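**Q** I'd like to go over a predicted model; first the sequence, then the structure.
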Number of protein chains: 2
Amino acid sequence: MKPISKDKFERRSNAGKASSSSTGNSTGTGANSERARQHNRKLVLSALQDAYAGNGTAGRAEIARLSGLSTQAVSNIIADLEARGLIRACGRRSVGRGQPAIQYEINPDGAYALGFEVRPDAVFCTLINLHGKAVFWDRNPLQQATPQNVAQEMLTLKSEALGIRNLSANMILGVGLVMPGPFGITGITGHQSDLPEWQDIDVRDWAQELLDLPCLVENDANAAAMAERISGAARGLRDYACLYFGAGIGLGIVNDTQILRGAFGNAGEIGHIRIPMPSGPARLEQVLSRISVQKHLKINDISAQTTEALEAHFQSETPALMAWIDQARLALAEATNLIENLYDPETIVLCGAMPAVIFAALVQDLSLSPHSVSVRPDRTIDRVVQGSSGPMTAALGSAALVLNDEFTPKFMGSS
Amino acid sequence: MKPISKDKFERRSNAGKASSSSTGNSTGTGANSERARQHNRKLVLSALQDAYAGNGTAGRAEIARLSGLSTQAVSNIIADLEARGLIRACGRRSVGRGQPAIQYEINPDGAYALGFEVRPDAVFCTLINLHGKAVFWDRNPLQQATPQNVAQEMLTLKSEALGIRNLSANMILGVGLVMPGPFGITGITGHQSDLPEWQDIDVRDWAQELLDLPCLVENDANAAAMAERISGAARGLRDYACLYFGAGIGLGIVNDTQILRGAFGNAGEIGHIRIPMPSGPARLEQVLSRISVQKHLKINDISAQTTEALEAHFQSETPALMAWIDQARLALAEATNLIENLYDPETIVLCGAMPAVIFAALVQDLSLSPHSVSVRPDRTIDRVVQGSSGPMTAALGSAALVLNDEFTPKFMGSS
DNA sequence: CTTGTTAACTCAATTTGATTGAGTTAACAA
DNA sequence: TTGTTAACTCAATCAAATTGAGTTAACAAG
């Protein structure tokens, strides 16, 4: 039977047929065979994803061993995924005796994820394939970020994105959405924000209805962190942190493959934290952020609004910029110490709207505290690494949210 | 059928009959009906636990709504749990029309959890019932904390604990174990420690074999956090942090009901963090810890080794102690700001080896930053609250680890 | 006092999906 | 050529959740 459903999987959002989900206020999530299958499917996909990260592929038996499932269960799931086009066979591989294993890999073009970043003055959009590679990106300016305007631009960008490869909507797994301010997460009210008109809108529901696709909402730093996990510097890592340079500075924390949100979705607000600097305590984003570098340059009558302009100043070694970098490096060292001791990540990734060369300069000559739980003899990755750079980072990340949600089981620990 | 197994549940540790768990290096965890049942059982138990937290009880239908399971599924699980003695019926309750619901509650004496805290000079032991109440506690001194000595004392304490209520081993759900230093979590080597002889021992396996019970190992702060969740100030909370006063100071973070460990189990090492103080940057535990108060008193030629002695000095308002409290309060405010902005908890609980009156004094007149994500109009609990106090906190917490593990499903988010 | 409505619960049938066990096939080794 | 090993397939079994049709008990209305 298996009436291969129109949409990719069972369309997560309206999965619970109609019955028990009556009240809707239920917090819990009972397990049943459907849920179990969903979980196991993610297990298989994430095994293949890990294999891909190591530029490899995997056979049924191998995945079974890795996931703890029986080979038969893996076989069924593989058949399912192959029929859906999410994975594909790619030859056989024999390692010693026995029948050579049929290798499978994720089919990059088996499905896509859409990502939007809404800013006060523009909407960014990306479309990524199952390998996390962007196949489309664009930016539409906004006069004013009202829900109406944003909706219009998002619809335009959506059809533009689908048009680029002539994709039908059922090839889109879902949509990730990044918005400024504390939105959508738990309906925070009473906080002032850049986009006051959105105050009473549940952004997730709104976008879900607008685009007719399942939707995930996150802040920029968390989204960026996911981008690094899917196809960037944090590929294959389960625990890491991501220092994201937007206007200010944010921290996306990934704990056991999942984003750490805290009780109200505000975890990682590192910008407001006071750190000791030679000149006295300062808030981190006063020293280490896009705004801070621009302020610092402005004092010296230099303007550098764009990433390109900043890069040019770096190339020409403008003294004011170099001085800022020196200060920023100190702040970064303090922040690193904080993050390492509080979250114990495998690494810290720098990413966002800064030129790559400046990230490189920050990481280079960074003198980190030797008194940290992160000083380990068996490290395989640097304590601070450079991630993706440029203004599209968050939009890419928003799409990556969807892949992570679809490919990564929510828990794996065997207790 | 259902051959009610000797031990409580299927004895978590050696659950996987014999088959797939061949290699053992598998990280993944496939879902099957057994696992699903396990998960759903936890869902039911945690619903009852929450009901108990509100001093209530719950019926089948109510639990079904809460958990998203069908009433039938809940019924089956309830029957199971009742047969095992973990829960019991407690009357009927009618709320309007319809047949009154049979109410269920956790049977406090249906099972117990054992907890140990090993320190360089002593082993502490507690036994708690299913309500998280301690029914036994004791402390045996150690000449030297060698594995042999510790093993002996643990066995002695175990049989003493079981003896107090004439319990057989199958009434014990499991053992929680707190050890100093970075132990057992991920086999850290190359770190100096208070207990060098343990370097090559996998503490969990060791204890499991020694006591013939499933075992969980954590650090003191994490264990204390669990104690607060099971029967203390954090009851019913899903996200909070716990500042634990041991020798130094540690932070136990609970995120979505689970302990946050980080990549190598060292998350929450807040003691080493530099915070701005009026006199310049200082490490937190130089200002806010048991050792720091003792140092501060010693300068003034006052000795206060025990909690009782400290309390006495507080009652007589010894100036040196009062001065320390003023400084500590500033440090606590800084730490709060840090924790709130980085983890966004529902609250921060103070607990551990300090007199309750000193916790109260710290919390009182604490002037917290108004610029924090935790400043919310809809708060239901203070930003910093007082938890359990006294030297048994960690030992109690170690037992609480077991309850949390048995009663709290690993994920609930409906994506 | 009778009857209708509602909610909680039970029993039996169905369904999903994982596990188990018995083949089958292909590679390597003797 | 034959034996061994590993990967995979097919069919049967099993666990546990869901579904649907009763049954029971309380309250409300006439």
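**A** Right, received. Where do you want to start? None of these values were measured; they are calculated from a predicted model. Residues are numbered from 1 along each chain as shown, chains lettered A, B, ... in the order given.
**Q** now the stretch 1-150 of chain A, which segments are flagged as low pLDDT?
**A** Low-confidence segments of the stretch 1-150 of chain A, defined by pLDDT under 70: A:1-28.
**Q** Okay, helices next: where are they in it?
**A** A:33-53, A:60-67, A:71-83, A:147-164 (DSSP state H, counting those that start in this stretch).
**Q** wait, does the first one contact chain B?
**A** I take that to be helix A:33-53. Yes: residues of helix A:33-53 contacting chain B under C-beta under 8 Å from any C-beta of the partner chain: A:Ser33, A:Arg35, A:Ala36, A:Arg37, A:His39, A:Asn40, A:Leu43, A:Ser46, A:Ala47. All C-beta spots, glycine's among them, are computed from the backbone N, C-alpha and C.
**Q** Could I get the buried residue list for that helix?
**A** A:35-52 (16 or more other C-beta atoms under 10 Å in any protein chain shown).
**Q** other SSEs contacting that helix?
**A** strand A:58-59, helix A:60-67, helix A:71-83, strand A:101-106, helix A:393-407, helix B:33-53 (3 or more C-beta pairs under 8 Å, 6 or more residues apart in numbering or on different chains; DSSP states H and E).
**Q** picking that back up, let's have the helices of the stretch 1-150 of chain A in TSV, adding distance to DNA strand D.
**A** Compiled in TSV, these are given as follows (distance: least, C-beta to the nearest atom of the strand, whole Å):
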stretch	distance to DNA strand D
helix A:33-53	6
helix A:60-67	3
helix A:71-83	4
helix A:147-164	33
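**Q** Among those helices, which comes closest to A:Lys133?
**A** Smallest distance to A:Lys133 across the helices of the stretch 1-150 of chain A (C-beta to C-beta): 11.6 Å, for helix A:33-53.
**Q** Just the angle for the closest one relative to helix A:71-83, thanks.
**A** 80 degrees (axes from the mean of the first three to the mean of the last three C-alpha atoms, to 10 degrees).
**Q** Distance from the chain centre to helix A:33-53, please.
**A** 18 Å (C-alpha atoms, centre = their mean, to the nearest Å).
**Q** CA atoms only for it, dumped as PDB, please.
**A** Taking Å, rounded to 0.1, in the frame of the first residue of the first chain, the C-alpha atoms of helix A:33-53 are listed here in PDB:
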ATOM      1  CA  SER A  33       4.500   3.600  16.200                       C
ATOM      2  CA  GLU A  34       4.200   6.600  13.800                       C
ATOM      3  CA  ARG A  35       6.400   8.700  16.100                       C
ATOM      4  CA  ALA A  36       8.800   5.800  16.500                       C
ATOM      5  CA  ARG A  37       9.200   5.500  12.700                       C
ATOM      6  CA  GLN A  38       9.700   9.300  12.500                       C
ATOM      7  CA  HIS A  39      12.500   9.000  15.000                       C
ATOM      8  CA  ASN A  40      14.100   6.100  13.300                       C
ATOM      9  CA  ARG A  41      13.900   7.700   9.900                       C
ATOM     10  CA  LYS A  42      15.800  10.700  11.400                       C
ATOM     11  CA  LEU A  43      18.300   8.200  12.800                       C
ATOM     12  CA  VAL A  44      19.000   6.800   9.400                       C
ATOM     13  CA  LEU A  45      19.200  10.100   7.700                       C
ATOM     14  CA  SER A  46      21.600  11.500  10.300                       C
ATOM     15  CA  ALA A  47      23.800   8.400   9.900                       C
ATOM     16  CA  LEU A  48      23.900   9.100   6.200                       C
ATOM     17  CA  GLN A  49      24.500  12.800   6.900                       C
ATOM     18  CA  ASP A  50      27.400  12.000   9.200                       C
ATOM     19  CA  ALA A  51      28.800   9.600   6.500                       C
ATOM     20  CA  TYR A  52      28.500  12.400   4.000                       C
ATOM     21  CA  ALA A  53      30.400  14.800   6.400                       C
END
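**Q** Please, where are all the helices along the stretch 301-415 of chain A?
**A** A:307-315, A:319-343, A:356-363, A:393-407.
**Q** Against DNA strand D, how distant is A:Glu197?
**A** 40 Å (C-beta to the nearest atom of the strand, to the nearest Å).
**Q** Cheers, nothing more for now.
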